[in-house]
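K.L.:
I need the structure of the sequence given here:
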Amino acid sequence: MAYTTINKSTDYFNTKLYTGNGGTQSITGVGHKPDLVWVKQRNGAAYHQLTDAVRGVNSQSASNDAGMGGSNACVTAFNSDGFALGSNGDVNGNTQTYTSWNWKANGQGSSNTDGTINSTYTSASTTSGFSIVQFTGTGANATVGHGLGVAPTVIITRPTSQSGTWRVFAEFLGNTQYLTLNTGVAQATGSTMWNGSPTSSVFTLGSSGDTNGNNVTFTSYCFAEKQGFSKFGTYVGNGNADGAFTYTGFKPSWVLIKNTATTSSWYMYDNKRPSVYNPNGTVLFANEETAESTNTASGEHPIDFLSNGFKIRTTSSARNGSGNKIFFMAFAEAPLVGSNNLPANAR
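P.N.:
Next comes the predicted model:
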């Protein structure tokens, strides 16, 4: 696989920290105009809030909840170097601290007619391998165009016109398997969730109401791996503090981890919240509204961000269960060798 042409990872993904003011404010320094903004309060319990350019501002869903979401004063604009906020306490409570994770696609996009269902909008970045797709389900086997030009390996889908769970497809787990982002349940089998593997132009849907309910609007986030920028897959836990090393080919800036074999949380690490040194023991949980947790004890949260991947430093079964297959998604801070031909360093 050839390395991606991305010179700066922050042109397509970046983590931005900020402090709320209880009113309105603009957050800058993201490094691009984001099309998906995922916000979580750090210092207190609050729902995760995901807002994307396809659904539009003031329309958000919570990764920790199966509720329909709403039109609240969360992200009110996508700007050239960040985003604007309303007064909603989940994203802008006075003096509260927040993290935002920001991905670039291609604005609101347009209808894609590659599949048997014409999408309402498909916003795709073929460079970074990320697209946002909105479509209306049929309740029968179907395909939808993702716009990436290569087959995505991870797809996160949920209803957005009604309540519903977040179903996660991962090619390396098999197309009859799924994970559920808003709960900690283990990998499950569902023969009607998908209807085969994605191709370079479409992803497939079965008849399940969770991914293709008749006359229900859905939003899908599609991710295709790009060497030097993103890596998705699994590693096998060994159950001890000298845990598994996972090669990504770059220095990570963000890692999401879920044990597929057990009921356990979705662990979220990034390179902005902890200290600048390893181990990184600072986590948020995609399926929980709880505050940020920081603990580098061997049975707790530690992970090392290295120049070419990450290494688990915990005995915790959630990230290092012996013999368990553990799902991960990782995005780069810097490639193993950057555009300046200098190697990246560990933390």
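K.L.:
Quick check: which ranges of the protein have low pLDDT?
P.N.:
For the chain, the stretches flagged by pLDDT under 70 are 1-4, 275-276, 335-347.
K.L.:
what about 50?
P.N.:
337-341 (pLDDT under 50).
K.L.:
Show me where it has its helices.
P.N.:
89-92, 209-212, 317-320 (DSSP state H).
K.L.:
chain center to the second one: distance?
P.N.:
Okay, so that is helix 209-212. 20 Å (CA atoms, centre = their mean, to the nearest Å).
K.L.:
coming back round to it: next, format the helices of the chain as a markdown table and append mean neighbour count.
P.N.:
Every C-beta, even on glycine, is put in place using the N, C-alpha and C of the backbone. As requested, those are arranged in a markdown table below (neighbours: other CB atoms under 10 Å):
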| stretch | mean neighbour count |
| --- | --- |
| helix 89-92 | 24 |
| helix 209-212 | 23 |
| helix 317-320 | 24 |
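K.L.:
Reformat these as CSV; add distance to residue 239.
P.N.:
Converted to CSV, the helices of the chain look like this (distance: least, CB to CB, whole Å):
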stretch, distance to residue 239
helix 89-92, 36
helix 209-212, 33
helix 317-320, 6
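K.L.:
Out of the ones you listed, which is closest to residue 35?
P.N.:
Nearest of the helices of the chain to residue 35, taken as CB to CB: helix 89-92 at 16.9 Å.
K.L.:
coming back round to it: I'd like to know which of the helices of the chain lies nearest to residue 233.
P.N.:
The closest of the helices of the chain to residue 233 is helix 317-320. By CB to CB, the value is 14.4 Å.
K.L.:
Next, find the distance separating the closest residue to residue 68 other than its chain neighbours from residue 136.
P.N.:
Nearest non-adjacent residue to residue 68, counting by CB to CB, 6 or more residues apart in numbering: residue 163, 4.8 Å away. Remark: distance between residue 163 and residue 136 (CB to CB, to the nearest Å) = 17 Å.
K.L.:
So for these two, which residue has more residues nearby?
P.N.:
Counting neighbours by other CB atoms under 10 Å for residue 163 and for residue 136 shows that residue 136 has the greater number, 17 against 13.
K.L.:
List the residues that contact that one.
P.N.:
For residue 136, the contacting residues are 117, 120, 215, 216, 217, 218, by CB atoms under 8 Å, 6 or more residues apart in numbering.
K.L.:
For PyMOL, write the selection for the buried entries among those.
P.N.:
Selection of the buried residues among these in PyMOL, burial being defined by 16 or more other CB atoms under 10 Å:
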select buried, resi 117+120+216+218
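K.L.:
Now render the contacts of residue 136 as CSV, adding distance to residue 106.
P.N.:
Converted to CSV, the contacts of residue 136 look like this (distance: CB to CB, whole Å):
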residue, distance to residue 106
117, 20
120, 15
215, 27
216, 25
217, 20
218, 19
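K.L.:
ok, the contacts of residue 136 vs residue 32, which is closest?
P.N.:
So of the contacts of residue 136, ranked by how close each gets to residue 32 (CB to CB), first place is residue 120, at 24.0 Å.
K.L.:
Surely that closest one is in contact with residue 132?
P.N.:
No: using CB atoms under 8 Å, residue 120 is not in contact with residue 132; the gap is 10.9 Å.
K.L.:
partner residues bridging residue 330?
P.N.:
residue 231, residue 255 (DSSP bridges).
K.L.:
how close does it sit to residue 178?
P.N.:
Distance, residue 330 to residue 178, by CB to CB: 20 Å.
K.L.:
Contacts only, for residue 37.
P.N.:
50, 51, 52, 75, 78, 83, 100, 101, 102.
K.L.:
Tell me what it is bridged to.
P.N.:
residue 51, residue 102.
K.L.:
ok, and what's touching stretch 18-30?
P.N.:
Contacts for stretch 18-30 (CB under 8 Å, 6+ apart): 10, 14, 16, 76-77, 79, 81-87, 89, 91-98, 100, 102.
K.L.:
isn't the residue nearest to residue 68 right up against residue 62?
P.N.:
No: the criterion here is CB under 8 Å, and residue 163 misses it with residue 62 at 11.0 Å.
K.L.:
so who does residue 255 touch?
P.N.:
Going by CB under 8 Å, 6+ apart, residue 255 touches 268, 269, 270, 303, 305, 310, 328, 329, 330.
K.L.:
Grab the nearest non-local neighbour of the first one.
P.N.:
If I follow you right, that is residue 268. Residue nearest to residue 268 in three dimensions, not counting chain neighbours: residue 284, with 4.6 Å by CB to CB, 6+ apart.
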